[in-house]
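J.: turn this into a model:
(one chain, ligands or ions: 1)
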Amino acid sequence: MNHTESAKAFERAKGFFPGGVNSPVRAFRSVGGDPFIVKYGKGPYLFDVDGNRYVDYINSWGPLVLGHAYPSVVEAIATQAARGTSFGACHELESDLAAVVRELYPSLELMRFVNSGTEAGMSVIRLARGFTNRRKLVKFEGCYHGHADVLLAKAGSGVLTLGLPECSGVPSQVVSDTLIAEYNNLDSVERLFAECGDDIAAVIVEPVVGNCGLLVPQDDFLKGLRRITEKAGALLIFDEVMTGFRVALGGAQALYGIQPDLTMLGKVIGGGLPVGAFGGRRDIMEMLAPLGPVYQAGTLSGNPLAMVAGMTTISEWRKPGVFESAERTTQSLVDGLRRGAEAEGIPLVADSVGTMFGFFFSSTPVRSFKDTAQADKAAFNRFFHAMLEAGVYFAPSAFEAGFVSAAHAGEGLDYTLERLSTGFKAAKN
Ligand SMILES: *Cc1c(COP(=O)(O)O)cnc(C)c1O
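T.: Numbering: from 1, shown residues only. Sure thing, here's the model as predicted:
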């Protein structure tokens, strides 16, 4: 592949942005080399400025469940743009999207739209503390809930990819009430509650973790969190920014049958435009301004472009058979990864939940953040680059989940499966 134009464009970007990027993982620091520069996306593919095509398993890090530039989504955005892009005032599209969200997530008795998952995270924590009048939070090592200060302790995603155990600029007092537990280990949670249960406002969790690779909840882990929090009068917050509409239409709460007190949504809910949301129990949500004393606001929150993009995306995604088909595509991909690795004698654990998938170059199961240390990062990096050169774009980090869209069935998947052996052969050396 020729990357001349990408190299030029990335040099130019470095003159404007730290590391040439507006979000760190895009910079390929973990896998080495420079990123390609996107010209446009269509269906399951990204095309770069040199004219190379890639099957895209990132899908904007999750949002694009229908693939790039899905015609009805493009049309809905264009139609709405002609009628105004933001009003800073109430309009009906907000309730239209909210109605769809609540139908799929009945635990969101009331909700509020924001502009990113990060905003949802910082707001939901403030709300949980305001409602319970308690200070402490429990989060899990390797989980990522956006880049608000209070949640940047032992975080996943780019924090992990770049090997930043603590984030510079976050004063230790700000995270001193953020307690860290181990995912899939209820004992670690029980211990924290035994020590300071009366002061714990909330437990926040990615119910299926996607920010240190894919970690699947074992046995009764999520049920246990519900039981422990309920008993201690603490709130259970599901961060479904990634899992929402992905592991099931109704998210992990529908898939595992658990009702959290509060939920964060993002990514898919905006259909590729910047949106987040948080919501939950009415009595808690009524603490928010203007009804209550917990302040939260946003100039572009609930803007009509994002609302129509989200609504159109979700209505297509929930049509009979669409999700199921994408789920089967995901399973075929994971089967292909397992078979491809086995054929080359490479130890690999690969899994999927709904349309989220992940794989580790590891010979033992990976169930918690601690287990990810066993994964062979160098092998992943070789695999990543060989696949990229062959026109298949997996996340540029051994610690990120992957995403399949409805557009990947057929040609995109077949092309990928045919090239996996190239990737695994490269991973071996
Ligand atoms: C992506 C993500 C966030 C942050 O969302 P942004 O829109 O990037 O701010 C929060 N939580 C989880 C689980 C995520 O995957």
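J.: which stretches of the stretch 201-350 of the chain form strands?
T.: Along the stretch 201-350 of the chain, counting by DSSP state E, counting those that start in this stretch, strands occupy 235-239, 262-265, 276-280, 349-353.
J.: looking at the ones you listed, which is nearest to the ligand?
T.: Evaluated with CB to the nearest ligand atom, the strands of the stretch 201-350 of the chain place strand 235-239 nearest to the ligand, the distance being 4.5 Å. Every C-beta, even on glycine, is put in place using the N, C-alpha and C of the backbone.
J.: any idea how far the closest one is from the middle of the chain?
T.: Chain-centre distance of strand 235-239: 15 Å, with CA atoms, centre = their mean, to the nearest Å.
J.: send me that strand as PDB with only the CA atoms.
T.: Extracted in PDB, the C-alpha atoms of strand 235-239 (Å, rounded to 0.1, in the frame of the first residue of the first chain):
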ATOM      1  CA  LEU A 235     -26.400   3.400  43.700                       C
ATOM      2  CA  LEU A 236     -25.500   1.100  40.900                       C
ATOM      3  CA  ILE A 237     -24.500   2.900  37.700                       C
ATOM      4  CA  PHE A 238     -24.200   1.000  34.500                       C
ATOM      5  CA  ASP A 239     -21.900   2.700  32.000                       C
END
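J.: that strand packs against which elements?
T.: Counting contacts by 3 or more CB pairs under 8 Å, 6 or more residues apart in numbering; DSSP states H and E, strand 235-239 is packed against helix 117-132, strand 200-205, helix 221-232, helix 251-255, strand 262-265.
J.: can I get the ones you listed in CSV with mean neighbour count and mean pLDDT?
T.: As requested, the helices and strands packed on strand 235-239 are exported to CSV (neighbours: other CB atoms under 10 Å; pLDDT from 0 to 100):
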stretch, mean neighbour count, mean pLDDT
helix 117-132, 24, 98
strand 200-205, 26, 98
helix 221-232, 18, 98
helix 251-255, 23, 98
strand 262-265, 29, 98
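J.: for the ligand, find the nearest of those.
T.: When those are compared by CB to the nearest ligand atom, helix 117-132 sits nearest the ligand, at 2.1 Å.
J.: now do the very next helix or strand once past that closest one: which elements does it pack against?
T.: Downstream of helix 117-132, the next assigned helix or strand under DSSP states H and E is strand 136-140. Judged by 3+ CB pairs under 8 Å, 6+ apart, the packing partners of strand 136-140 are helix 117-132, strand 178-181, helix 186-196, strand 200-205.
J.: again, 7 Å this time
T.: On a contact count with 3 or more CB pairs under 7 Å, 6 or more residues apart in numbering; DSSP states H and E, strand 136-140 meets strand 178-181, helix 186-196, strand 200-205.
J.: so which of these is the most packed in?
T.: Across the helices and strands packed on strand 136-140, averaging neighbours per residue (mean count of other CB atoms under 10 Å) puts strand 200-205 on top, at a mean of 26.
J.: next, the angle strand 235-239 makes with that strand.
T.: Relative orientation of strand 200-205 with respect to strand 235-239: 30 degrees, computed using axes from the mean of the first three to the mean of the last three CA atoms, to 10 degrees.
J.: I appreciate the help and will end here.
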